[in-house]
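Peer 1: sequence first, then the predicted structure:
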Amino acid sequence: MKEKSYMMIVVISQASKPQFHEPSPMKSEIDPSKADAFTHALAGGAGGALSMALTYPLVAITTRLQTQTKSSETDKLTVAETIREIYEKNGILGFFAGLESAVLGMTLSNFVYYYCYEASSRCLMRARRTQRLSTAESMLVGSIAGSVNAVIANPLWVANTRMTVDKSDRGVLATIANISKTEGLSALFSGLKPALVLVINPIIQYTVYEQLKNRVLESRQKRVLSPSWAFILGALGKLAATSSTYPYVTMKARMHLSKNEGSSPAENSKSLLSLMGEIIKRDGILGLYGGIGVKLIQSILTAAFLFFFKEGLVIWSIKLLRLLRAFSRKRKLLTTARAQG
């Protein structure tokens with residue numbers, strides 16, 4: 001009886017002692033919104049590269065459909081005929097023409113966009129002392145980020161369009177250098193006007209995404225959106241954005257080919273509206289929607305994978321940083337203990 005009483009006293013005394021545990025860097029909840037702008041930019045750039053690599057054959061097909069005209073050799077080619085033509089002329093590699101410039105362009109575009117978006121939104125939230133942006137503020141921040149991104153990344157997208165349509169063996173830097181040498185620096189910024197108009201595309205995409213994200217988080221009573229939900233919501237946001245701005249996507253692709261041997265003289269040095277009128281007159285209103293079916297599939301999948309990878313990469317980056325910091329703290333403690341010992 002005395003032994004049992006002694007055991008109970010020991011158990012109670014042990015339970016009453018305060019227990020100190022270092023919080024596990026993996027178990028505590030991770031909030032991606034607290035990551036800095038550079039982390040979001042890196043995750044966005046890496047996610048963009050992965051998503052573009054996975055969906056690039058659809059990009060190649062869409063670009064060919066967007067840039068063909070009734071006066072071209074590929075008159076009235078359907079999607080199946082375009083796929084067959086690319087394969088017969090260049091084999092499987094024809095579907096990956098311009099992949100290098102596309103991956104670089106997507107990486108740079110997303111890095112610049114996410115960095116500008118996160119940095120601008122944080123400045124605005126600090127100024128207004130709020131935790132969330134309103135819809136109007138999100139659109140303003142998206143406009144700033146999209147405009148900076150359009151200017152910086154435009155030369156890469158010009159090179160990508162040329163490489164995809166012409167199936168050039170030059171690398172992206174050699175293509176940019178050749179365009180600059182033969183056509184002048186201004187040729188690298190052809191299509192910039194529709195690209196700036198297309199800033200509305202990510203504004204629509206991210207506004208729809210953020211609104212749906214808030215609804216999902218509220219309904220599920222969570223603070224972190226899972227990559228699978230990001231995949232679904234990213235696809236819905238891109239569907240709304242691409243379907244409403246597609247004519248400008250076509251205009252941008254056409255203007256990227258201006259002054260190129262494959263474009264008609266009428267398309268050279270044309271303004272956005274005059275070129276749009278020329279296309280409607282020559283190809284009809286459907287000329288502005290060439291390849292929209294494939295483009296919607298490609299855009300939706302690219303955006304879905306982008307959000308999936310981006311959200312996941314932010315979470316994984318934070319986990320990795322926490323582990324590195326915990327490892328660094330332990331090393332310092334061991335070093336201190338050895339020095340004292």
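Peer 2: Noted; the coordinates are in hand.
Peer 1: so where is the stretch 201-341 of the chain shaky, pLDDT-wise?
Peer 2: Low-confidence segments of the stretch 201-341 of the chain (pLDDT under 70): 256-272, 291, 341.
Peer 1: max-length helix in the protein?
Peer 2: helix 292-340 (DSSP state H).
Peer 1: and S121, how far from K330?
Peer 2: From S121 across to K330, the span is 35 Å (Cβ to Cβ, to the nearest Å). For every residue, glycine as well, the C-beta is placed using N, CA and C.
Peer 1: so the two - more neighbours on which side?
Peer 2: S121 (22 against 11; other Cβ atoms under 10 Å).
Peer 1: for the longest helix of the chain, packing partners?
Peer 2: helix 37-67, helix 99-128, helix 227-256 (3 or more Cβ pairs under 8 Å, 6 or more residues apart in numbering; DSSP states H and E).
Peer 1: by how many degrees do the helix or strand encompassing I176 and helix 99-128 diverge?
Peer 2: Assigned by DSSP states H and E, I176 belongs to helix 172-183. With axes from the mean of the first three to the mean of the last three Cα atoms, to 10 degrees as the basis, helix 172-183 and helix 99-128 are set at 90 degrees to each other.
Peer 1: list the buried residues for the helix or strand just after helix 172-183?
Peer 2: Heading C-terminal from helix 172-183, the first helix or strand you meet, by DSSP H and E, is helix 192-197. For helix 192-197, the neighbour count (16 or more other Cβ atoms under 10 Å) marks L192, K193, P194, A195, L196, V197 as buried.
Peer 1: V59: which of those residues is nearest?
Peer 2: Nearest to V59 among the buried residues of helix 192-197: A195, at 16.1 Å, using Cβ to Cβ.
Peer 1: surely that closest one and A150 touch.
Peer 2: Yes - shown here, A195 and A150 form a contact pair, counting by Cβ atoms under 8 Å, at 4.3 Å.
Peer 1: need the overlap of contacts for the two.
Peer 2: Common contacts of A195 and A150 (Cβ atoms under 8 Å, 6 or more residues apart in numbering): none found.
Peer 1: number of nearby residues for the closest residue to T63 other than its chain neighbours?
Peer 2: Of all residues not flanking T63 in the chain, T164 sits nearest, at 4.7 Å (Cβ to Cβ, 6 or more residues apart in numbering). Neighbourhood size, T164 [other Cβ under 10 Å]: 28.
Peer 1: residues of the host helix or strand of T164 that come out buried?
Peer 2: Here T164 sits within helix 135-166, counting by DSSP H and E. Of all the residues in helix 135-166, those buried under the rule 16+ other Cβ under 10 Å are 137-138, 140-146, 148-150, 153-166.
Peer 1: which neighbouring elements make contact with that helix?
Peer 2: By 3+ Cβ pairs under 8 Å, 6+ apart, helix 135-166 packs against helix 37-67, helix 99-128, helix 172-183, helix 192-197, helix 200-220, helix 227-256.
Peer 1: can you redo those as TSV with distance to S274?
Peer 2: Listed next are the helices and strands packed on helix 135-166 as TSV, based on distance: least, Cβ to Cβ, whole Å:
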stretch	distance to S274
helix 37-67	18
helix 99-128	27
helix 172-183	20
helix 192-197	11
helix 200-220	21
helix 227-256	11
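Peer 1: out of those helices, nearest to V294?
Peer 2: It is, among these and with distance given as Cβ to Cβ, helix 37-67, at 4.8 Å.
Peer 1: can you give me the buried ones in the closest one?
Peer 2: Here helix 37-67 shows 37, 39-52, 55-67 as buried, counting by 16+ other Cβ under 10 Å.
Peer 1: what sits against the residue nearest to R122 when sequence neighbours are not counted?
Peer 2: Excluding the flanking residues, the one nearest R122 by Cβ to Cβ, 6+ apart is A37, at 6.6 Å. By Cβ under 8 Å, 6+ apart, the residues touching A37 are Y114, Y115, E118, A119, R122.
Peer 1: quick one, which of those are buried?
Peer 2: For the contacts of A37, buried by 16+ other Cβ under 10 Å: Y114, Y115, E118, A119.
Peer 1: tell me the one of these nearest A240?
Peer 2: Y114 (19.9 Å).
Peer 1: you'd agree the closest one is up against H40?
Peer 2: Yes - with contact defined as Cβ under 8 Å, Y114 counts as touching H40 (4.7 Å).
Peer 1: what touches both of those two?
Peer 2: K310.
Peer 1: now do the closest residue to G287 other than its chain neighbours against R254, distance only.
Peer 2: Leaving aside its chain neighbours, G287 sits nearest to I279 (4.6 Å; criterion: Cβ to Cβ, 6+ apart). Plainly put, I279 is 7 Å away from R254 if you go by Cβ to Cβ.
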